[in-house]
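# With the sequence up front, the predicted model follows.
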Amino acid sequence: MADSTRVRFAPSPTGLLHIGGLRTALYNYLFTKHHGGAFIVRIEDTDQSRYVEEAEQDILDSLKWAGLNWDEGPGTESAYGPYHQSKRSELYKKYAEQLIADGYAYYAFDTTEDIEQMRERLKKSGNPSPKYDSITRQSMKNSLTLPQDEVKRRLEAGDEYVVRLKVPRKETVRFTDIIRGVVSFDTQGLDDQVLLKSDGLPTYHLANVVDDHEMGITHVIRGEEWLSSAPKHMLLYQYLGWEAPEMAHLPLIMSPSGGKLSKRKAEQEGIPINVRDYIQQDYEPEAVINFLAYLGWGPGDDREVMTLDEMIKEFSLDRVSKAGAVFNFKKLTWYNEHYMREKSDDELLPRIKKVAEKEGYEASDDYLKTILGLMRDRVSRLPEVIELGRYFFEAPAEYDEKSTKKSWKEQTPALVQKYLDEISRLGESDFKAATLKEKLSEVIEAEGVGFGKLMLPVRVSVTGMGFGPDLFETMELLGKEETESRIQKALEVLGK
RNA sequence: GCCGCGUUCGUCUAGGGGUCUAGGACGCCGCCCUUUCACGGCGGUAGCACGGGUUCGAAUCCCGUACGCGGUACCA
């Protein structure tokens, strides 16, 4: 193909990468890779006031963690670079001036106060949403209303100014969105968008159009929050004499309580919002990716689990749904459990080792692998293997009240004591799960009670909890000495 | 308010005029497996927002209404 697909993910370094941003990046990635095209990352750092130092690195790290490697972008420059908008100021300035020369834009010298006043005036006279538009610009200070020589004078004197798009009074802007079909807007509802700010940097609107054109972007795939400003962009393409790329506005990810999944809402509802949170909490990247892809897209058949490569093969924008998708945290958990269980002990070992070290536990690789095998079907995230399995590293400091109440009865101490006596007679090398289970069976048979009558109290004694992996395997792993001392201690604490 | 976009089980979705007594997944409930807790297996629960058309026939097409969401900045 002569015109191969080129898409971009264009985050703004104003904060850590949002989980919704990752989905936008993912859809861009899947789309372009499906067509054998390029995935470009462009940093939209035109807002100096909101710039966050560590944001860019976080965004890049998050993309890498998710497996979305870019063909062009920071650190991977090419002829289309640079990939930071802050390094392309000259370009935007040039095109802004071209637009002015062609009569599609103009200089505006109004101060923030001037505009504020205009808004207030209009509001008072009954206009609920005053805009700097084809009507109001006639009474403002700009190169359309000021005498030519004053404009020149102000420019030369270095007066602050912005460049605004001269949006026509009454026109209909129509374009086809890949996901939504034909959408149309009347220019009456648009304002004379600021293109170049007084600090000389462009706004998103100018910058994204210029860069998408200069970088040969063929498809713009972005969140629905951009749909409303798309007509301004279409106008810009037209005025600049460029062919606009294909547009696709993705449905938003919603919070369970409704509305765009904002930081505040997500936190309130216990949903981690930053990709960094998922990295820190040791989520499986495959799970996050799979979950995110399915939030608004699906292959059309019954498959729920898919690798990145399979998704690339299957992905198509016309299977993306139009309506917003509520973030279903339980489903993410399900995906995470699924992928975690699919992985081998060896694969998980380095990560679980890190968690153990962080918690201050020391253990051999074999020991950790055994715990992994015992715990992995019982936890939702990898670190929980350690968090819920502390008894593999230290004797229980206390015994779960509910489980104790349920299992520790009148006759219990005698029973447990009897079992303790039995296993004490075992040799170090006989302290195996099968034997330990056998011994327990012998005791309950001799005493004529049910299995649980003894097994549960022993479990509480050894782990402090009423549930968990196979008790006998656990005891074997802990070893004879540790196990016996724990049972001994429980008898003392919980009563004989 | 205005502009735009949307609306199938609680949630993510399949469905694109008859094959829909609407399928799958998560969740939830039950059963089986297991003398713990899980995993796993099996089964169940629950939905076409509403009102008009068009048509022999509509979840599917059209128009309204309602509701939801987004936008309305010298932020992206």
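Nice, thanks for sending it over.
# How about the residues of the stretch 51-200 of chain A by RNA strand B?
A:110-112, A:115, A:128-129, A:131-132, A:160, A:162, A:180-181, A:183-186, A:189, A:191, A:194, A:197-199 (CB under 7 Å from any atom of the strand). In this view, the C-beta of every residue, glycine as well, is placed from N, C-alpha and C.
# Show me where chain A dips below the pLDDT cut-off.
For chain A, the stretches with pLDDT under 70 are A:1-3, A:496.
# For the residue of it most remote from its centre, give its distance to A:Leu440.
Distance from the C-alpha centroid of chain A peaks at A:Ala446, with 57.8 Å (CA atoms, centre = their mean). According to CB to CB, to the nearest Å, A:Ala446 and A:Leu440 sit 11 Å apart.
# Wait, A:Ala96 touches A:His205, no?
No: at 11.1 Å, A:Ala96 does not count as touching A:His205 under the criterion of CB atoms under 8 Å.
# More neighbours: the two, which one.
Shown here are A:Ala96 and A:His205; by other CB atoms under 10 Å, A:Ala96 has more neighbours (23 against 19).
# That one - that's part of a helix, no?
Yes: counting by DSSP: H, G, I helix; E, B strand; the rest coil, A:Ala96 is part of a helix.
# mind exporting the helix or strand harbouring A:Asn290 as PDB, just the C-alpha atoms?
Assigned by DSSP states H and E, A:Asn290 belongs to helix A:285-293. Output of helix A:285-293 as PDB, limited to C-alpha atoms (Å, rounded to 0.1, in the frame of the first residue of the first chain):
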ATOM      1  CA  PRO A 285      -0.600  -6.500  31.800                       C
ATOM      2  CA  GLU A 286      -2.400  -9.000  29.600                       C
ATOM      3  CA  ALA A 287      -5.400  -8.800  31.800                       C
ATOM      4  CA  VAL A 288      -5.600  -5.100  31.800                       C
ATOM      5  CA  ILE A 289      -5.200  -5.000  28.000                       C
ATOM      6  CA  ASN A 290      -7.700  -7.700  27.400                       C
ATOM      7  CA  PHE A 291     -10.200  -6.000  29.700                       C
ATOM      8  CA  LEU A 292      -9.700  -2.600  28.300                       C
ATOM      9  CA  ALA A 293     -10.000  -3.800  24.700                       C
END
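# what comes into contact with that helix?
A:19, A:22-23, A:26-27, A:30, A:65-67, A:275, A:278, A:305-308, A:311, A:315, A:331-332, A:335-336, A:338-340 (CB atoms under 8 Å, 6 or more residues apart in numbering).
# Mark which of the residues of the stretch 51-200 of chain A next to RNA strand B are part of strands, please.
Among these, the residues falling in strands (DSSP state E) are A:162, A:181, A:183-186, A:194.
# So among those, which ones count as buried?
Those of these that meet the buried threshold are A:162, A:183, A:185, A:194, by 16 or more other CB atoms under 10 Å.
# Can you pull the phi and psi angles for the closest residue to the second one other than its chain neighbours?
Same thing as A:Val183. With sequence-adjacent residues excluded and distances taken as CB to CB, 6 or more residues apart in numbering, A:Val183 is closest to A:Asp177, at 5.4 Å. Note on A:Asp177: backbone dihedrals following degrees, to the nearest 10 are phi -100, psi 130.
# Equivalent analysis for A:Lys260, please.
Per degrees, to the nearest 10, the backbone of A:Lys260 is at phi -60, psi 140.
# ok, now which ones touch it?
A:Lys260 neighbours (CB under 8 Å, 6+ apart): A:225, A:252-254, A:324.
# nearest to RNA strand B, of those residues?
Taking CB to the nearest atom of the strand as the measure, RNA strand B lies nearest A:Glu225 of the contacts of A:Lys260, at 3.8 Å.
# leaving aside the residues next to it on the chain, what's closest to the closest one?
A:Leu252 (6.8 Å).
# Hmm, the one you found is touching A:Ile19, no?
No: A:Leu252 sits out of contact with A:Ile19 when judged by CB under 8 Å, with a separation of 12.0 Å.
# any idea which element A:Thr176 lies in?
Per DSSP H and E: A:Thr176 is located in strand A:172-177.
# other SSEs contacting that strand?
Applying 3 or more CB pairs under 8 Å, 6 or more residues apart in numbering; DSSP states H and E, one finds that strand A:172-177 contacts strand A:181-186, helix A:230-240, strand A:246-250.
# which one of these is the most hemmed in?
Among these, strand A:246-250 has the highest mean neighbour count (mean count of other CB atoms under 10 Å), at a mean of 21.
# what's the angle from that strand to strand A:172-177?
For strand A:246-250 against strand A:172-177, the angle by axes from the mean of the first three to the mean of the last three CA atoms, to 10 degrees is 80 degrees.
# Would you agree A:Val460 is in contact with A:Lys489?
No: counting by CB under 8 Å, A:Val460 stays clear of A:Lys489, with 11.6 Å between them.
# quick revisit: so what sits against both of A:Ala96 and A:His205?
Joint contacts of A:Ala96 and A:His205 (CB under 8 Å, 6+ apart) are A:Leu195.
# tell me the strands in chain A, going along the chain?
Under DSSP E, chain A gives strands at A:6-9, A:38-41, A:105-108, A:162-165, A:172-177, A:181-186, A:194-196, A:219-223, A:246-250, A:253-254, A:325-326.
# hmm, back to that, from the contacts of A:Lys260, which is closest to A:Lys358?
The closest of these to A:Lys358 turns out to be A:Ile253 (CB to CB; 30.7 Å).
# Run through the residues that contact A:Val151.
A:107, A:143.
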